[in-house]
Structure formats: structure tokens, C-alpha cells
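I would like the atomic coordinates for the input below:
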Amino acid sequence: MKVVIIGGVAGGASAAARLRRQDEHAQIILIERGRYISFANCGLPYHIGGVIENRESLLVQRKEDMEARFALDVRLRHEAVSLDRERKEVHVRILDTGEVYTERYDTLLLSPGAEPVRPPLAGIDSSYIKTLRSMTDMDSIIESLHTRDVKHAAVIGAGFIGIELAENLRRRGIRVTVVEKLDQVLPIIDYDLASQVHRHLAEHQVKLILKTGVTGFSEGEDGVAVTLEDGRTVDADLVILSIGVRPETSLAVQSGLEIGITGGIKVNEFLQTSDPDIYAVGDAIEVRHVVHGREVCIPLAWPANRQGRIAADTITGSRKAYRGTLGTSILQVFDLTAASTGLNEKTLSSNGIPYQAVTVNRNQHAEYYPGAKPFTLKVLFSGSGEIYGAQAIGEDGVDKRIDVIASAIRGNLRVWELQELELAYAPPFNAAKDPVNIAGYAAENVLNGSVKAVRWFEADHFISGQGFIPLDVRTQEEHQSGSLPGSLNIPVDELRGRLDELEAGQNYLVYCQVGHRGYVACRILSQRGFSACNLDGGYAIWHPATS
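Sure, this is the predicted structure:
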């Protein structure tokens, strides 16, 4: 059996290694147009910032090592330029010489990855404008930093790479402006959590320009002017485009393979394309999302590695299905960590999927143990308790909670079953009731009608549109530091003795700092004949999201 793999990095390199472990006798050829068989592209911004000092440590696998250990034929700086499916031939160009040759295959595996989006804007070909997708891109950016005395950089796009670049350029003492067409950074999380990132970026002197795109670039002697849709310009010594990636499908399109509705290569559950002798994995394909079952493109490392292994198993006779992708992801933003799994509110709304939400604000470990730091966990779920997704943000403990909920989704747990998870506890690591457990309790309270939760974006409608009176059950000192407009302040511990200050038949929007005291107050009021609902996540969510 002769297997030709086009593309290395995560999917292709994983498939090659697994193929050899499964079949000692197969002929395996890996064709990679870059200079490296596999590198840690997630680490590129951190070498730019000097966090990862040794460039060579980014090389996950080397040609000579892979060839020695797995008896592969690795051909770097070779590019597959066309494909003849009927003859089962790949036409390959040697980039250093221009020579083109033909390679036959029994089975072909495509792992071409994704390419950065470069819209056809005026001036976009300026040497001052870079993208970051490869080691070569990284080297080019670092060279510019060394040779051009860069003092101000403009990052276009505020997704993963854009925010990581902003952080790492600031580490080098460079002023940074981030331009984003959306109204928030990091579209993997929703606006309420992203607003905390906005504030944190400002604290680290990163200038954010939101809700406006770029119309063009004008190169000058010492830099480039970025023209925005609202008429403003941003002058920069360096511009880095980070406005997303799209599946690299040129070879698939040229050869007539079916392309899916998302623009990625269409594959079945066994990662076969419309040609059963051709498989495809990684950022170039569309896959089924675990939660809603619809097709998505999710360019992340874990799915690519997993798909490479599964495709190799199927090719060698151990037929195995890929069960879809959750899109679990995490990001460092200076001192904060932001993470998500499953679907967020924007995706649920755009797909017409009804959902409910609970937001838990807790410390990452026992409050009395030194170093306790707050973080926010939001869980989205259906009326029947199916967990749709979760997001978290904080300085510590974020990864653990998102990983637990990602596992719960894969295990088909209902949201109230989060209460039952017995998670490791000791004061330096946790509280006796983990925030994941608390989210399960809170969700159950919402589903069984113990409390009605009002989201931060609904508060104004409840107050102005429906005549709810905001009732702040925090202390007087907390109330004086900031509150919802028109609030009545009765601390929860005084509430039972001051019920005569409330109006019978009046609706109250109860809130505290993080939601817990508000819930307690709602339970008191509902059992005393008052109509009350609780502001989900409390003032700690409402204030940054509405500021």
C-alpha cells in the first residue's frame, strides 16, 4: 500500500506516524511545501514576545527524526499543484528548482490546513503588512521589529492570534492598537465576558477600536496609515493582519472533490472525501459540531491531531468514525484566561436554538486560602437540561472548569448532574463546592422555577419597559460604589425586617455583586408574597457589559 500525505503540521504528521505504527510495510510519502514537517503554530506569538526564547523549541518534529523513527519519505519544499483522481496521481513541484514530477498513490490524505484571509484592499501588499501563520511569517515579523525600530503596531482582527500578538508586542514595549469590525474581541466568548477582556486590555495600554473595519492602507517613508470605515486613520510602523483563516481547498476544488456548505472539504464520518480513496483532515475540512450536529469549520490543533489518527486507522483497516468537534479552546490575555466549549449565545441565537443561562462568579479556590482570585463561569443549556456550552474567564482555574464541562457534554450529562461531579478539593485548589457544582445548582433552580433569572442585557427592559424596581441587596458601602439606576438598597441580612419598605404587587429586579445574595433574597421575597427575579451574575457582570 502506498499512501501519499499532502501537508504536515498537526493532521498530516499525526496521520503519518500512526500509519507506520499500524502498518510496518506501507510506503508513506509526506509532501510539505514549507521548510518544516511540523511546528507549534500556537506558540508563534510567544516567540515574537520573547516568552519562548528558543526558536528551535517550536519545531515539534524534524524531517530527519520522523524519517529515522517511522521510515517515512518526507519531502519538504514540495508543493502538490494538481491531482488526477482517475489515474490516482499527484503532480508535485519542487519549490527550490521549479521541477514538476508525478507521484502515484493508492490512498491520498489531504492535510493542507488553512490560509490567512487577505481581503483585496488598497495597499495590502505593502511590506509593512504581515500575517502570522507559519515559522516564515514569524521570522519576517521579528526581522521587521529588529530592522525598522517599530514603536507602534496595528493589529487588524481581535481573535486568538490578534489578541496573543497584542499581548506579546506589548511585552516588547511596543504601543499596540487593535482594530476589530465586531463590537467585541474574542468571538469564541460572548459580550458579557469579552467586556472584561476589553477592560483588561485597556489596563495594559492596548488601544481598542471596535465596530469598524479597514478600507485600505497607505504606505509612507516610515510606516503605513490604516484607513478605517469610520474615516479615522491609524499610523503604524507595522501592521499585522489577523482577520481569520479559511480552509485551503484549492487542490480539492481543482480535482472536483465536493466542498461543503462552510467552504471546507466535505468528508464523511470516516474522514473520506467524495472520492473514497482520498481522505482529508485538519483545518481544511468541515466537520459535524457535537452539540447541534451541523457542519462547521473549527481550525484547532486537537481536532486535527485526532482526525489524523482516525484517518490512519481507517486507511489501515481499523475503520473508526470521527464523532465531531466541540471547539473547546482557551486563550491567555495578559493576567486573564478566557476559555469556551460547545456553543456560545451568539451561535445559539443565530441558529434559532432556545436556551437558558446561568452565570457563576466565584473564587478559583477557597476564599480563606491566600491568593484567591475571582473568575466567571457561564453555562448554557436547554429547557430539558442538555448542556449546550460554557465559557469562563479569570486569572486562574479557568482551564479546569471548562475541561470538566467539555467532558460532561461528551458524556451527555444533564446540567443538573454537574452537582453530582465529585471534584478534587483542598483549600489551595478549590472550594468544597466547586464552581461547576454551583452552576449545576443554579441551573436546577432556574429549571424548576425556584428563581427567575434576568440576563444583563434584559435588565433595562425589565426596569424601563416593565416597571421593575431594581433592589440592591448588597451592603450600603457596596451600593454607594456603584449601582443600577434607580435602585432601592436593602442588604439581604436586613431584608426580612424591612419588608414594609416594599410595595405589595410591585415587581422587583433583585441583584447583588455576583448573584448569590440576590438568589437568597429572591427566595425570601417569593415566599413572602412578593414578585422578584434575580439578575444573573449580579452587578459584576452587568457593570462592565454596560459601561
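
now the residue lying closest to L58 once chain neighbours are set aside: phi and psi?
By the measure of C-beta to C-beta, 6 or more residues apart in numbering, the closest residue to L58 outside its immediate chain neighbours is A40, 4.7 Å from it. Every C-beta, even on glycine, is put in place using the N, C-alpha and C of the backbone. Backbone torsions for A40, taken as degrees, to the nearest 10, come to phi -90, psi 80.

equivalent analysis for M135, please.
According to degrees, to the nearest 10, M135 has phi -60, psi -40.

the residue lying closest to it once chain neighbours are set aside: how many residues sit nearby?
Excluding its sequence neighbours, the residue lying closest to M135 (C-beta to C-beta, 6+ apart) is F39, at 5.4 Å. The number of residues packed near F39 is 23, by other C-beta atoms under 10 Å.

so F39 touches D137, yeah?
No. Counting by C-beta atoms under 8 Å, F39 does not reach D137; the two are 11.1 Å apart.

what is the neighbour count of the residue nearest to L58?
17.

which residues in the stretch 351-500 of the chain form helices?
Here the stretch 351-500 of the chain has its helices, by DSSP state H, counting those that start in this stretch, at 398-410, 435-447, 459-460, 476-480.

please identify the deepest-packed of those.
When you average the neighbours per residue for each of these (mean count of other C-beta atoms under 10 Å), helix 435-447 leads with a mean of 23.

how far off centre is that one?
24 Å (C-alpha atoms, centre = their mean, to the nearest Å).

only alpha carbons, please: show it as CSV.
C-alpha atoms of helix 435-447 as CSV (Å, rounded to 0.1, in the frame of the first residue of the first chain):
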residue,chain,number,x,y,z
PRO,A,435,-18.0,26.4,40.8
VAL,A,436,-19.0,23.7,38.3
ASN,A,437,-21.2,22.2,41.1
ILE,A,438,-22.6,25.7,41.8
ALA,A,439,-23.5,26.1,38.2
GLY,A,440,-25.4,22.8,38.4
TYR,A,441,-27.3,24.1,41.5
ALA,A,442,-28.1,27.4,39.8
ALA,A,443,-29.3,25.7,36.6
GLU,A,444,-31.6,23.4,38.5
ASN,A,445,-33.1,26.4,40.4
VAL,A,446,-33.9,28.1,37.1
LEU,A,447,-35.3,25.0,35.5
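
report the angle between that helix and helix 398-410.
Relative orientation of helix 435-447 and helix 398-410, computed by axes from the mean of the first three to the mean of the last three C-alpha atoms, to 10 degrees: 50 degrees.

helices or strands next to helix 435-447 in the packing?
If contacts are counted by 3 or more C-beta pairs under 8 Å, 6 or more residues apart in numbering; DSSP states H and E, helix 435-447 sits against strand 356-363, strand 374-381, helix 398-410.

quick one: which of the ones you listed is nearest G49?
helix 398-410 (20.5 Å; C-beta to C-beta).

in the longest helix anywhere in the chain, which residues are buried?
Across the chain, the longest stretch assigned as helix under DSSP state H is helix 301-315. Within helix 301-315, the residues scored as buried using 16 or more other C-beta atoms under 10 Å are 301, 303-315.

pLDDT check: weakest of those?
The lowest pLDDT within these belongs to A301, which sits at 89.

what's near enough to touch that one?
10, 42 (C-beta atoms under 8 Å, 6 or more residues apart in numbering).
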